[in-house]
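**Q** I would like to see how this sequence folds:
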Amino acid sequence: MSAPADNGVGTGVRAPRRARIAERTLRTDRWWLQPLLTVLGLSAFIIYATVRSFVRTAYWVPDYHYLTPFYSPCLSTSCVEGSSHFGHWFGDLPGFIPLGFVVLPFLLGFRLTCYYYRKAYYRAVWFSPPACAVAEPHAKYTGETRLPLIIQNVHRYFFYVALIVSLVNTYDAITAFHGKTGGFGFGLGNIILLANVVLLWAYTLSCHSCRHVTGGRLKHFSKHPVRYWIWTKVSKLNTRHMALAWTTLGTLVLTDFYVMLVASGAISDLRFVN
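**A** The predicted structure follows:
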């Protein structure tokens, strides 16, 4: 005798073919802690980054050429003098448009569609599911086949833009080796900017899309030794993608906060050379 059709009654632990258990979960541990910490961590970054992207103050240190990544590249005539490393592509912008508007939407898209972040906010925000062996509240599951989740499929194209932005951030970090009296200079800010760039590169290159670009669609690795070598290195980096996803949120905040403190005059940059 065939099993009855589910008729879309429920999914997961509430599917018709599963045992009927009234409790949402039988787990007795603190399964809710990880989703809670994830929400708090992501919320803290979003609030900080949003505020800093719109305030338009203390984002450029003219003496040492420190530019916060939240404003890079700054391509408007609204940018303070010296902060537009790539010229002025646009005129003055109204206050409701962040000065880094050219790349911020793409970086947001890159993070939102990232495989790790999808897992994080699917569980922590949408409870789909919130944890293993914990029932989710949704009555049905449609996957990433409808708006807005179908947009997740363009993650690879956000990855390409992220590569360009990483190059821009690298240029900013190199340009920042500038002394107060001109010429070469080196301070604590340079270490922070450089560390942030290195970790951003690690996060970007550890992306699943990068792994597919370097080794995907190859039937014989032996015929492509260079791509195979790159694929193996990216695959090793990929195992740390989650850690890098969180670490880079921290370094972005740290970098911006340090530049803000120096630019506002709250602290002086610790200088080693010039």
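**Q** List the contacts of the residue nearest the centre of the chain.
**A** The centre of the chain sits closest to R111, judged by Cα atoms, centre = their mean, with a distance of 4.0 Å. Going by Cβ atoms under 8 Å, 6 or more residues apart in numbering, R111 touches Y117, A245. For every residue, glycine as well, the C-beta is placed using N, CA and C.
**Q** before we move on, what SS does it have?
**A** helix (DSSP: H, G, I helix; E, B strand; the rest coil).
**Q** and it, how far is that from S206?
**A** Per Cβ to Cβ, to the nearest Å, R111 is found 13 Å from S206.
**Q** With S235 instead?
**A** Taking Cβ to Cβ, one finds S235 at 9 Å from S206.
**Q** got any ranges where the chain has weak pLDDT?
**A** Scanning the chain for pLDDT under 70 picks out 1-15, 17-19, 21.
**Q** Can you show me the helices along it?
**A** Assigned by DSSP state H, the helices in the chain fall at 33-55, 104-112, 115-124, 155-175, 188-205, 208-215, 225-238, 241-264.
**Q** Quick check: which of these is nearest to E144?
**A** Of all those, helix 115-124 sits nearest to E144, with 8.6 Å by Cβ to Cβ.
**Q** so what does the closest one touch, helix or strand wise?
**A** helix 33-55, helix 241-264 (3 or more Cβ pairs under 8 Å, 6 or more residues apart in numbering; DSSP states H and E).
**Q** Most tightly packed of the ones you listed?
**A** helix 241-264 (a mean of 19; mean count of other Cβ atoms under 10 Å).
**Q** how far away is the nearest residue to Y122 once chain neighbours are set aside from W246?
**A** Among residues not flanking Y122 along the chain, S128 sits closest, at 4.8 Å (Cβ to Cβ, 6 or more residues apart in numbering). Separation of S128 from W246 (Cβ to Cβ) stands at 21 Å.
**Q** count of residues packed around D29?
**A** For D29, the neighbour count with other Cβ atoms under 10 Å is 8.
**Q** Over to the one 3 residues further on?
**A** Other residues within reach of W32 by the criterion other Cβ under 10 Å amount to 14.
**Q** can you check G100 too?
**A** Neighbours around G100, by other Cβ under 10 Å: 23.
**Q** Do I have it right that it meets S78?
**A** No: if you go by Cβ atoms under 8 Å, G100 and S78 don't touch, sitting 11.3 Å apart.
**Q** Would you map the strands across the stretch 1-150 of the chain?
**A** Secondary structure of the stretch 1-150 of the chain (DSSP state E, counting those that start in this stretch): strands located at 60-61, 66-67.
**Q** closest one to V134 among the ones you listed?
**A** The nearest among the strands of the stretch 1-150 of the chain, by Cβ to Cβ, is strand 66-67 at 44.2 Å.
**Q** From the contact counts, what lies against that closest one?
**A** Other elements packing on strand 66-67 under the criterion 3+ Cβ pairs under 8 Å, 6+ apart are strand 60-61, helix 241-264.
**Q** Neighbouring strands - and their directions - for that strand?
**A** Sheet pairing of strand 66-67 (DSSP bridges) gives strand 60-61 (antiparallel).
**Q** who touches the strand it pairs with?
**A** 66-68, 71, 74, 79-80, 82-83, 189, 259, 262-263, 269.
**Q** Just flag the most distant two among the residues you listed.
**A** Using Cβ to Cβ, the two most remote members of the contacts of strand 60-61 are C79 and D269, lying 20.8 Å apart.
**Q** My guess is F159 contacts F110. True?
**A** Yes: the criterion here is Cβ under 8 Å, and F159 meets it with F110 at 6.4 Å.
**Q** on that earlier part again, including distance to I230, could the helices and strands packed on helix 115-124 go into CSV?
**A** Shown next, in CSV, are those (distance: least, Cβ to Cβ, whole Å):
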stretch, distance to I230
helix 33-55, 31
helix 241-264, 16
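**Q** quick one: which of those is nearest Y122?
**A** helix 33-55 (10.2 Å).
**Q** And for that closest one, what's in contact with it?
**A** With contacts defined as Cβ under 8 Å, 6+ apart, helix 33-55 is touched by 59, 68, 70-71, 95-96, 98-100, 104, 120-121, 123-125, 127, 130-131, 246, 249, 252-253, 256, 260.
**Q** quick revisit: nearest to G182, out of the helices of the chain?
**A** Among the helices of the chain, helix 155-175 sits nearest to G182 (Cβ to Cβ), with 13.3 Å.
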